[in-house]
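**Q** Give me a model of this one.
(2 chains)
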Amino acid sequence: AQKVTQAQTEISVVEKEDVTLDCVYETRDTTYYLFWYKQPPSGELVFLIRRNSFDEQNEISGRYSWNFQKSTSSFNFTITASQVVDSAVYFCALSLRSYNTDKLIFGTGTRLQVFP
Amino acid sequence: NAGVTQTPKFQVLKTGQSMTLQCAQDMNHEYMSWYRQDPGMGLRLIHYSVGAGITDQGEVPNGYNVSRSTTEDFPLRLLSAAPSQTSVYFCASSYGGGANNEQFFGPGTRLTVL
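**A** Below is the predicted model:
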């Protein structure tokens, strides 16, 4: 079965704290892509990152970093020195693409609240 | 570029009514898809299309129809609305490899079925 699990429904932190959002995926495919999207209170969905299954290098973009570990089927997202503007729902997603399917499967999301 | 546009932004229907949610993109993207977002359920794929004339079902296709006569447009039809279809609907598009690429999302349509 292909599935994305975001076990943390809601996380609350105080500004400047570091926070990690967990994402665990299931797939039998050897080639797949993982994504993170952000949905701020305004409701739009914003792309953050894409990672393919053959690239396990961690990535850092400013205060954001991602840790991809195939051994544990995880693709975790860390925000360093969180800010109020980071308050949003964050979705992890897994793409399934083969000769007869081309789908993007989302997790249920983690709501992050950053308090001043 | 307008990106991905959706109309209407809000809609209230009565049970049994039909309607079409419109989605258009001006980026010449081959891949388009429809999701619904419900509290605690994340985004669930309804239908998707890998190009004009080609559509396929996602996770929750029942009660919805789609067609793709042009690259730009991908309307979602509710034939007989039910309260269970109350949700926020997002249309998305991407280029090239479809689900493997960054999805560009529309602003969403909030639908209430009474």
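
**Q** Output stretch B:40-55 in CSV with nothing but the alpha carbons.
**A** In CSV, the C-alpha atoms belonging to stretch B:40-55 read as follows (Å, rounded to 0.1, in the frame of the first residue of the first chain):
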residue,chain,number,x,y,z
GLY,B,40,-8.3,15.9,9.4
MET,B,41,-8.2,14.2,6.1
GLY,B,42,-5.6,16.3,4.2
LEU,B,43,-5.9,16.5,0.4
ARG,B,44,-7.5,13.6,-1.4
LEU,B,45,-7.2,13.1,-5.1
ILE,B,46,-10.5,13.0,-6.9
HIS,B,47,-9.5,12.8,-10.6
TYR,B,48,-6.5,13.6,-12.7
SER,B,49,-5.5,14.1,-16.3
VAL,B,50,-2.2,13.5,-18.0
GLY,B,51,-3.2,15.4,-21.1
ALA,B,52,-6.1,16.5,-23.3
GLY,B,53,-8.5,13.6,-23.8
ILE,B,54,-7.1,11.5,-21.0
THR,B,55,-8.5,11.3,-17.5
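
**Q** Report the contact partners of residue B:21.
**A** B:6-8, B:11, B:34, B:75-78, B:89, B:91, B:109, B:111 (Cβ atoms under 8 Å, 6 or more residues apart in numbering or on different chains). Glycine gets a C-beta too; all of them are placed from N, C-alpha and C.

**Q** Figure out the helix or strand that residue 56 lives in.
**A** Just going to use chain A. Assigned by DSSP states H and E, residue A:56 belongs to no helix or strand.

**Q** that's the other chain; I wanted chain B
**A** According to DSSP H and E, residue B:56 maps onto strand B:54-57.

**Q** returning to that earlier point: tabulate the contacts of residue B:21 (TSV), appending pLDDT, secondary structure and distance to chain A.
**A** Output for those, formatted as TSV (pLDDT from 0 to 100; DSSP: H, G, I helix; E, B strand; the rest coil; distance: Cβ to the nearest Cβ, whole Å):
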residue	pLDDT	secondary structure	distance to chain A
B:6	98	strand	11
B:7	97	strand	16
B:8	97	coil	15
B:11	97	strand	15
B:34	97	strand	12
B:75	98	coil	19
B:76	98	strand	16
B:77	98	strand	20
B:78	97	strand	21
B:89	98	strand	12
B:91	97	strand	11
B:109	97	strand	11
B:111	98	strand	14
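
**Q** neighbours around the closest residue to residue B:54 other than its chain neighbours, how many?
**A** Leaving aside its chain neighbours, residue B:54 sits nearest to residue B:68 (6.6 Å; criterion: Cβ to Cβ, 6 or more residues apart in numbering or on different chains). Residue B:68 has 20 neighbouring residues, counting by other Cβ atoms under 10 Å in any protein chain shown.
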